[in-house]
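Asks: Need a 3D model of the following:
(chains A and B)
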Amino acid sequence: VLLSVHNILAIQTWPAVLGLESAQVSVSGPMVLMLMLLTAVGVWCASASVRFMQNRKRWHAERAKMQAEHETLQDSVQRGAGDVVKLTDYLAGQKAKTEAMHTRSRILEKILAISPRLNTTRNHPELLDNIVAAVEEIMGFRRVVLHIWAEQTQAFEARAFAGVRDEAKASLIGIQVTRDEYDELTAARHRYSNCFLLGCGEVDDGGTQPVARGSFPRDWTEDHLLIVPLISPDGQLQGYLSLDAPGDGQVPGVVEIRQLEFLVQQAATALESSMVYDTLARQNAELSMASEKLGSLARMKANIVSNVSHELRTPLTSISGYAELLQNGIDGMGESVRTEFLQVIRNESKKLSGIVDDLIELGTQEHGRPALKQVNTDLVGSCRHLVDSWTSRAMERNIKLRFEPTSPSIVMAVDEVLIQQMMGHLLSNAFKFTPEGGRVTLKVMETGTAVRLVVEDTGIGIPEDQLGVIFDKFHQADASETREHNGQGVGLAICHDIVSHHDGRIWAENLEPAGARLSVLLPRRPEVVQPVEGPSASGFAFEPGEFMQRLMHWVCESLGVERATLMMPDPAEEVLTIRAAIGLPDAVVQSTRLRKGVGISGQVWASRRTLLVEDVTEDARVDREWSESRYSTPSLLCVPLIDGDDVVGVMSVNNKTDGLPLDMDDRIFLESLAPGLASMLIRYRALQDEAQDFDKIRETLRRTTAVGHMRHESLVEVCQEICLSAARAVDLPRDELEPLAFALQFYDVGFSCVPPQLLNKRGPLDGQEARYMQKHVGASLEILGSLRPDPKVRQTILYHHENFDGTGYPTGLAGEAIPRASRLLRLADALAALLSPRPWRPAFDLPDAVAEIRRESGTAFCPRMVEVFLGEVTERRARIEKLQASADEIRNLKRPVLDTRGMMTFNP
Amino acid sequence: LHKILVADDEHNIRHILDFSLHAEGFDVLSAHNGEDAFDLAVAELPHLIILDVMMPGQGGLETCQKLKADPRTQDIPVILLTARATREDRDLGDKAGADDYITKPFSPQKVINTVQGFLGVTS
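Replies: Predicted coordinates:
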């Protein structure tokens, strides 16, 4: 029983079992048998109870152990639950991170998607609208205004809007923000990266340094305005975006600001290209205008040819007619008649050759006149020079030549060469009809809206019925009777043409008691507007290399890396070379060459797949040698830039600034950038090709220049350098300095039109040869005009043979009227010529050359410029003398020769 | 005796024509512009008129047109002398009613032949 009780109790709780047992013992009575039995039972019980106690002890221990185990279990369950929470949190964090990353890459995708649209928009206003729309759509700002720098007003003007009501727009359009005002606007404001947050107070450092993101407010208030500057690839502030009302009502964070800047950078680049395109379009328009002018000139030429054929046939008719009469020997023709006929034939032949001369002259004019080239010209100076050149002829014929300008200088934009030609014809015409002892007067008068040039003579006058036609028909006043003057009136027709090309008027009237007056009225034009100073004025707006560098900076900043390298395949050598790099020494940049499959970038190039290496020292793909080099980093990321089938570049980044390895985040970011980068690379490669073409043209021109006189290239370069230093020393403004630098390289390119026999002629040139020689100035202008139609360049070259005392050519300008750049160019030209040998003389020593220049100071050269110029020469004395002394250099003189085809070539 | 009127602003050309025609026995009248030529034609009613196209003032074409429009002179043959010999110029001459064309430079003999052809005389 007990056993069974025990067995039962074994699964009961112990205190209850004990209580029951003691109750049974106390109820058992005094009966012996019962007692014995009970004793036996008691013994058995005692022994059982000892056993029980022993068991109980064991059970207690086991229970405690179980309890401990239970607690441990409970503990670990609790801990496990904590881990699950942590895990959930972690996963949630990862998810948020991934989502943020996705948002980020979605926005990037959008930006990149919009970028081709921006880049293909050539229409300026449309592009501006696109930019604003893109910012509104992608970045979620509900109010966007784009302000663009306007050259005309020298201020920023609101040009494109999103979410702005019409009346607000109207008032915004009127506002002009100057550069100073912009600086004031953004000074001492909260700045992050390049952006400014207005409306949250000022900062201490004046806004020069970005403020910590933490000091930005989180919520956007009505006072806030975000200014994002548009910086062109060459660093110019093109304009800015002002953004308001963000969709999420929050001040944009780091990532948003970065994205915004990336988008805006795309926009700025597009804007720059569109400006280049605009310039191109403008040049095209100018070109078509020029060709239109050319067309009208061609028509005029046809007209002249038709008229001239009449003029040619008239004397021809006389010659052949009289010749036939003589040949037929008409009866009764006496000796005197024969002599008379022969005399007529001779006279008519002379006339004919005169016409041929005129025609040749006309041909030259035609040739040299593709379009009006208007330059600010002092008409008084120009006419004075002309009068001077006629003085000797006037004296020969005993005619008084007077010059009566109403003011010392009348400056107007005209084609100076043409106006000179025209005045020459008018003077020649007046001389033709003025008998000995007469008088010819040239007057230059200024009225409010026009300039009047008048030539008066005391000659035979013009028959009243011909006053109206002398300019459109080739008839001289005495056409019907005695033709004692040669010349066929082609000149007056040309005058008429020149005047009408200047939108002017020419007419003739008779004077009392005798003589004629020919008047030219040229309407006053605004002086030539100088081209705007700016990135696009110099032809190429920016250097592709510079753009790359900026791009790399941006990549570094965005990824938070110290080093980024962009390599591009070199098609010629089938190797990768570094095109742009941040954080690498120049020597490495220049020397690095990777074949396909070699090194990290070479592998990426070959495999076309991104490579992310967490630890270069442990990665088998990394070249051991490289991983131990100075430039190795623990982790790197290398992404191929693919366009279609081509790998156009390989971008690799390493050295994260926070010391962490580059991870998947970075990989996704950089990969999402890759297509955009690739298309940019292609565009900039194209641009670079263009720039190279431009350089080739330059080089060709330079070589052509060398065709002229033999040139000692290094000496010429020193002369150019001296000239530019002198120009800076006299504070020549920038917009003249750059044209001067250009002019210095090419000013005598026109020598290529002068025959080498003439260039290398020993001994003095005769009058005709000298005139021919002088034509090189015009030829230079013509050649350069097509390369760079810049009035400043033209002006600088046009006057570089003018003497300070007014005895130079082509216009005879004198003194301060000659542009300073031309006066300096004259000196540089002279010095280079003196220091170089000529066929008829050896080179001058430097002291002799300096003495020569000093001797001509005040006559040929401007004394003020001579002082500055020679100062610069002195500073380079040693160099020049060394160059001159160097026999090698002299041997390397390039001597132009004619090859079998009659082309110029060089023989070293 | 046939009367021929020659109008040209060039003294030499008038002289050549005058000389050649005279030698062939024609009576030659000359004028050095279109207006004089017309007046002379009306006054003298010559048998044939030679007009230079390019003359100052009223040119040969215009003068020819006037002569052909005037009943007094419309039957007189008119020969135009011209330095321009394009198709267009000929058409213009035809329009003006000219009877023939001689291009400068011309042979005096050819002029005489043409004149004789018109007047039905032979030398």
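Asks: what sits against the residue lying closest to residue A:158 once chain neighbours are set aside?
Replies: The shortest distance from residue A:158 to any non-neighbouring residue, by C-beta to C-beta, 6 or more residues apart in numbering or on different chains, is to residue A:172 (4.3 Å). Any C-beta I mention is one placed from the backbone N, CA and C, and that applies to glycine too. Contact partners of residue A:172, counting by C-beta atoms under 8 Å, 6 or more residues apart in numbering or on different chains, are A:145, A:158, A:161, A:164.
Asks: would you turn those into TSV with secondary structure, pLDDT and neighbour count?
Replies: Listed next are the contacts of residue A:172 as TSV, based on DSSP: H, G, I helix; E, B strand; the rest coil; pLDDT from 0 to 100; neighbours: other C-beta atoms under 10 Å in any protein chain shown:
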residue	secondary structure	pLDDT	neighbour count
A:145	strand	91	22
A:158	strand	88	21
A:161	strand	89	20
A:164	coil	84	19
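Asks: Just name the closest of those to residue A:68, please.
Replies: residue A:145 (74.0 Å; C-beta to C-beta).
Asks: how many other residues sit next to the nearest residue to that closest one once chain neighbours are set aside?
Replies: Nearest residue to residue A:145, sequence neighbours excluded (C-beta to C-beta, 6+ apart): residue A:242, at 4.9 Å. Around residue A:242 there are 19 other residues, counting by other C-beta atoms under 10 Å in any protein chain shown.
Asks: Can you report phi and psi for residue A:242?
Replies: Per-residue torsions, residue A:242: phi -110, psi 130 (degrees, to the nearest 10).
Asks: Just grab the bridge partners of it for me.
Replies: residue A:145, residue A:227 (DSSP bridges).
Asks: Report the separation between it and residue A:125.
Replies: 18 Å (C-beta to C-beta, to the nearest Å).
Asks: How about residues contacting the helix or strand containing residue A:719?
Replies: Using DSSP states H and E, residue A:719 sits in helix A:713-729. If you take C-beta under 8 Å, 6+ apart as the criterion, helix A:713-729 is touched by A:706, A:736-737, A:740-741, A:744-745, A:820-821, A:824-825, A:827-829, A:831-832, A:835-836, A:865, A:868-869, A:871-873, A:875-876, A:879-880, A:883-884, A:889, A:894.
Asks: ok, and does the lowest-mean-pLDDT helix or strand in chain B reach over to chain A?
Replies: Least confident helix or strand of chain B, by mean pLDDT, DSSP states H and E, is helix B:87-96 with a mean of 81. No. Under the criterion of C-beta under 8 Å from any C-beta of the partner chain, chain A is not reached by helix B:87-96; the shortest gap measures 9.5 Å.
Asks: mind listing what's buried in the helix or strand following that helix?
Replies: Reading on from helix B:87-96 to the C-terminus, the next helix or strand found by DSSP H and E is strand B:100-103. Across strand B:100-103, burial judged by 16 or more other C-beta atoms under 10 Å in any protein chain shown covers B:101, B:102, B:103.
Asks: who are the neighbours in contact with the closest residue to the second one other than its chain neighbours?
Replies: In this structure, residue B:102 finds its nearest non-sequential neighbour in residue B:81, 5.3 Å apart by C-beta to C-beta, 6+ apart. By C-beta under 8 Å, 6+ apart, the residues touching residue B:81 are B:8, B:13, B:50, B:51, B:52, B:53, B:60, B:102, B:103, B:104, B:106.
Asks: 7 Å instead, please
Replies: B:8, B:50, B:51, B:52, B:53, B:102, B:104 (C-beta atoms under 7 Å, 6 or more residues apart in numbering or on different chains).
Asks: what about the helices in chain B?
Replies: Along chain B, counting by DSSP state H, helices occupy B:11-23, B:34-44, B:60-69, B:87-96, B:108-119.
Asks: got any ranges where chain B has weak pLDDT?
Replies: B:84-86, B:123 (pLDDT under 70).
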